[in-house]
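1. Here you go, sequence then predicted model.
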Amino acid sequence: MNKGNNPSAETRRPDRAALIIAVVLAAIAGLIFWDVSRLSGLAGYSQVGPTTVPYAIAFCLVGLAIWTAAEALRGDFGHEREKQEFGPVVWIVGGLAAQMLLLNTLGFSIATGILFAMTACGFGKRRLWFTIPIGIAFSYLVWLIFAKLLQLSLPAGPLERLFF
Amino acid sequence: MGTFDFLLQGLLVAAQPMNLLYALIGVTLGTAVGVLPGIGPALTVALLLPVTYKLDPGGSLIMFAGIYYGGMYGGSTTSILLNTPGESSSIVTALEGNKMARAGRGGPALATAAIGSFVAGLIATLALAFIAPYIVKLALVFGPREYFALMVLAFVTVSSAFGDSTLRGLTSLFVGLTLACIGIDQLTGQTRLSFGVPDLLDGIEVTTLAVAMFAIGETLFIAAQGDRGPDKVEAVRGSVWMSAMDWARSWKPWLRGTFIGFPIGAMPAGGAEIGTFLSYAAEKRLTKHPEEFGNGAIEGVAGPEAANNASAAGTLVPLLTLGLPTTATAAIMLAGFQQYGLQPGPLLFATNPQLVWGLIASLLIANFMLLVLNLPLIGLWVRLLTIPKPWLYAGILLFATLGTIGANPSVFELGMLLAFGLLGYVMRVFGYPIAPVVVGLILGPLAEQQLRRALSISQGDITVLFTSPIAAVLLVIAALALIVPLILRARGRGEVLAQLAASED
């Protein structure tokens, strides 16, 4: 695991990201315990009911959280993380969010065209006035193929209703 | 009726003109999408699932078979011409294949990969057809506890036996198992982990999860790497045909690769990668031209590529006969079956033989089509490789969301897509494998069902799980598959396992 990890003082410092992961795992386990505890458990012929497996999973998650925390504290959670640039990630997530919110009002082509342009923007094509029309045209073509030819139910908006 | 009769019947089903058309569309789409850099077979199948939504089950599964094989072929083209790391099952192909392409021998490299895939696909699909009935017979004696043990074994091999960290593999698996609990409990009808949200009552769609984690997670990850300059696509110079010498050096690796790859795929041992690595090692040892290895040896392309395809066909053995997916690709195929309410397994062979044998026969037909389609169209595939990254990933996201919208056009579903996409991205950043999440989600409910049946029969006595000899042996193997790699890694021998990591399928 520890590729190129020299045991210097720096790498021995607790790994904060890994600790956060451990906390998240424990939190998920807590959520399962909380949710499942309200089920009327022991149904059926035996002690096994709908709660058995979730409890088992939650216990394993607690175990994994402890394991992760232990590796984090010893500083050997390892894995070299490459530097992440968050600008592009924000563009793409924004595009997906925009599509999600606009889909049912503006229809498939416009919403997906915006997603298309914002993704391209995340990868360096910054001219939105140029990429949005391309995206909408391309999405419209896809809509034609999938909604009209393959009968998939893709939400129609003003643009789609204009012609059909 | 014997296997031959069934297979002939299947061929009759698959040879109907409409079904041939479906197979042709399937292989073409599968190759076209599989060729795109960064898209492995699992994602190819997940992205193209919506194309089949409106077809009847038979036609849809036949198209699916074509997509599956096409995606495998496409991946090899990418690795030879582009040297893309990340697609684990074609890493080995890239080792020698890309060197050959750089030396101007891209044509023969593609040809040996294509013909090797064909040979392997042919033999392995026939092996599938002949082995399947025996496994079905064996599966009929399996009770709930044996199935449960088998699924535990699959969980272990998918998550932790290979890859660079047992902890990470198991964590991914349990994330998948947690997601699998969401929704209405199959046996008692109580809701679990859905927090009163009606959209969650049906549970989480496997395709939504797979597309989000593979397509969106990967896109975000690539975008976050920043601009690393364009990848260099090697032009295919000269003839695509192989010389007599190439043939002489290729045919033995094809056969060896097939016989290494098929059993590995057929066992619940995860991933096509292992077979490709073993085949590469075998060819390197047996070659008469050791000096060429590392500089573009044709054996190093022929063997692993055959092994790759043979184990792809091999994974269909547990999938079709036991309903047990051992790779992410197989998990998505299982989801494809389930959308028609079909549960693969021994029963499907009895209740719907036309469908199963039609599928197996169409694999054979798809294989022939690919051979005919692939070499002449190589110029087209190469052109697909040169699509600039912004357009490529914009298009990938378009089709990724299209599938989800087509299945369920709700804001909530798209929100889940986005959330799982972010989860996939974060998991990639921290080196968590993705496949165990998908396999956990689809196999979790099946394993739970079997476990609870077994324990209901025994009235809660847990020891019953270990008292059947078959179940006990399977659980012991699972325990070994969990513990041995831990010891190996603790003693600093982890590199070998890390190399066998299953990153995609």
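-> Arrived safely, thanks for sending. Residues are numbered from 1 along each chain as shown, chains lettered A, B, ... in the order given.
2. Can you list the helices and strands that whichever strand or helix holds residue B:398 packs against?
-> Assigned by DSSP states H and E, residue B:398 falls within helix B:389-407. When contacts are defined as 3 or more CB pairs under 8 Å, 6 or more residues apart in numbering or on different chains; DSSP states H and E, helix B:389-407 packs onto helix A:86-122, helix A:128-143, helix B:41-48, helix B:206-211, helix B:217-224, helix B:411-429. Heads up, the C-betas are built off the backbone N, CA and C, glycines and all.
3. Let's have those in JSON lines, adding mean neighbour count.
-> JSON lines is the format used below for the helices and strands packed on helix B:389-407 (neighbours: other CB atoms under 10 Å in any protein chain shown):
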{"stretch": "helix A:86-122", "mean neighbour count": "22"}
{"stretch": "helix A:128-143", "mean neighbour count": "17"}
{"stretch": "helix B:41-48", "mean neighbour count": "29"}
{"stretch": "helix B:206-211", "mean neighbour count": "27"}
{"stretch": "helix B:217-224", "mean neighbour count": "24"}
{"stretch": "helix B:411-429", "mean neighbour count": "20"}
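4. Let me know which of these is the nearest to residue B:304.
-> Evaluated with CB to CB, the helices and strands packed on helix B:389-407 place helix B:41-48 nearest to residue B:304, the distance being 15.0 Å.
5. Could I get the contacting residues of the residue nearest to the spatial centre of chain A?
-> In chain A, the residue lying closest to the centroid (CA atoms, centre = their mean) is residue A:93, at 9.6 Å. Counting by CB atoms under 8 Å, 6 or more residues apart in numbering or on different chains, residue A:93 touches B:220, B:418, B:422.
6. How is chain A divided into domains?
-> Residue ranges for the domains of chain A, per automatic domain parsing: A:16-74, A:86-163.
7. between the ones you listed, which gets nearest to residue B:144?
-> For residue B:144, the closest of those is domain A:16-74, at 11.5 Å, according to CB to CB.
8. Give me the distance from that closest one to the chain's centre.
-> Relative to its chain's centre, domain A:16-74 lies at 21 Å (CA atoms, centre = their mean, to the nearest Å).
9. what sits against residue 32?
-> This is for chain A. Residue A:32 sits next to A:54, A:55, A:57, A:58, A:61, B:178, B:181, B:193 when contact means CB under 8 Å, 6+ apart.
10. hm, I was asking about chain B
-> B:70, B:74, B:381, B:384.
11. Near chain A, list only the ones from these.
-> When CB under 8 Å from any CB of the partner chain is taken as the criterion, no member of those contacts chain A.
12. Adding pLDDT and secondary structure, write those out as CSV.
-> What follows is those, written out as CSV (pLDDT from 0 to 100; DSSP: H, G, I helix; E, B strand; the rest coil):
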residue, pLDDT, secondary structure
B:70, 87, helix
B:74, 81, helix
B:381, 78, helix
B:384, 79, helix
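13. And those residues, which is closest to residue B:342?
-> residue B:70 (22.0 Å).
14. I'd say the closest one and residue B:23 touch.
-> No: applying CB atoms under 8 Å, one finds residue B:70 not in contact with residue B:23, separated by 9.7 Å.
15. Near chain A, which residues of the stretch 151-300 of chain B are found?
-> B:164-165, B:167, B:170-171, B:174-175, B:177-178, B:181, B:185, B:187-188, B:190, B:192-193, B:195, B:216, B:219-220, B:223-227.
16. got it, and the stretch 351-500 of chain B?
-> Checking the stretch 351-500 of chain B against chain A by CB under 8 Å from any CB, the hits are B:389-391, B:393-395, B:397-399, B:401-402, B:405-406, B:409, B:411, B:414-415, B:417-418, B:421-422, B:425, B:429-431, B:448, B:451-452, B:455-456, B:458-460, B:489, B:494, B:498.
17. Now the buried members of these.
-> B:389-391, B:393-395, B:397-399, B:401-402, B:405-406, B:409, B:414, B:417-418, B:421-422, B:425, B:429, B:431, B:448, B:451-452, B:455-456, B:458, B:489, B:494 (16 or more other CB atoms under 10 Å in any protein chain shown).
18. hang on, the earlier thing: show me which pair in the contacts of residue B:32 is furthest apart.
-> Farthest pair in the contacts of residue B:32 (CB to CB) is B:70 and B:384. Separation: 12.8 Å.
19. neighbour-wise, which of these two wins?
-> Just comparing residue B:70 and residue B:384: by other CB atoms under 10 Å in any protein chain shown the higher neighbour count belongs to residue B:70, 31 against 18.
20. low-scoring stretches of chain B, by residue?
-> Within chain B, the stretches with pLDDT under 70 are B:1, B:83-90, B:161-164, B:227-240, B:268-273, B:492-505.
21. Please state the offset of the top helix by length along it from the chain centre?
-> The residue-count maximum for a helix in chain B (DSSP state H) belongs to helix B:106-140. In terms of CA atoms, centre = their mean, the centre of helix B:106-140 is found 14 Å from the chain centre.
22. Ok, stretch B:332-350 next?
-> With CA atoms, centre = their mean, you get 16 Å for stretch B:332-350.
23. cool, stretch B:410-419 as well?
-> 25 Å.
24. before we move on, what about stretch B:71-87?
-> For stretch B:71-87, the distance to the chain centre is 14 Å (CA atoms, centre = their mean).
25. Tabulate the CA atom coordinates of it in CSV.
-> C-alpha atoms of stretch B:71-87 as CSV (Å, rounded to 0.1, in the frame of the first residue of the first chain):
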residue,chain,number,x,y,z
GLY,B,71,-17.6,-3.8,-25.3
MET,B,72,-14.9,-6.3,-24.7
TYR,B,73,-13.6,-6.0,-28.3
GLY,B,74,-13.7,-2.2,-28.2
GLY,B,75,-11.7,-2.1,-25.0
SER,B,76,-8.8,-3.9,-26.6
THR,B,77,-8.7,-1.4,-29.5
THR,B,78,-8.4,1.5,-27.1
SER,B,79,-5.6,-0.1,-25.1
ILE,B,80,-3.6,-0.9,-28.2
LEU,B,81,-3.9,2.5,-29.9
LEU,B,82,-4.1,4.8,-27.0
ASN,B,83,-2.3,3.1,-24.1
THR,B,84,-5.0,4.0,-21.6
PRO,B,85,-4.4,2.8,-18.1
GLY,B,86,-7.3,2.3,-15.8
GLU,B,87,-9.2,-0.4,-17.7
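26. circling back to that earlier point, make JSON lines out of the domains of chain A and add mean pLDDT.
-> As requested, these are arranged in JSON lines below (pLDDT from 0 to 100):
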{"stretch": "domain A:16-74", "mean pLDDT": "84"}
{"stretch": "domain A:86-163", "mean pLDDT": "87"}
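27. List the buried residues of the strand or helix carrying residue B:334.
-> Element membership for residue B:334, per DSSP H and E: helix B:328-338. The neighbour-count check on helix B:328-338 (16+ other CB under 10 Å) flags B:328, B:329, B:330, B:331, B:332, B:333, B:334, B:335, B:336, B:337 as buried.
28. Cross-check the contact I'm expecting between residue B:190 and residue B:201.
-> No: Residue B:190 lies out of contact with residue B:201 (CB under 8 Å); the separation is 10.9 Å.
29. what touches both of these two?
-> residue B:184.
30. More neighbours: which of these two?
-> Neighbour totals were compared for residue B:190 and residue B:201, and residue B:190 leads with 16 against 13 (other CB under 10 Å).
31. Span of stretch B:347-357 from start to end?
-> Taking CA to CA, to the nearest Å, stretch B:347-357 runs 13 Å from one end to the other.
32. How far does that stretch sit from its chain's centre?
-> Offset of stretch B:347-357 from its chain centre (CA atoms, centre = their mean): 22 Å.
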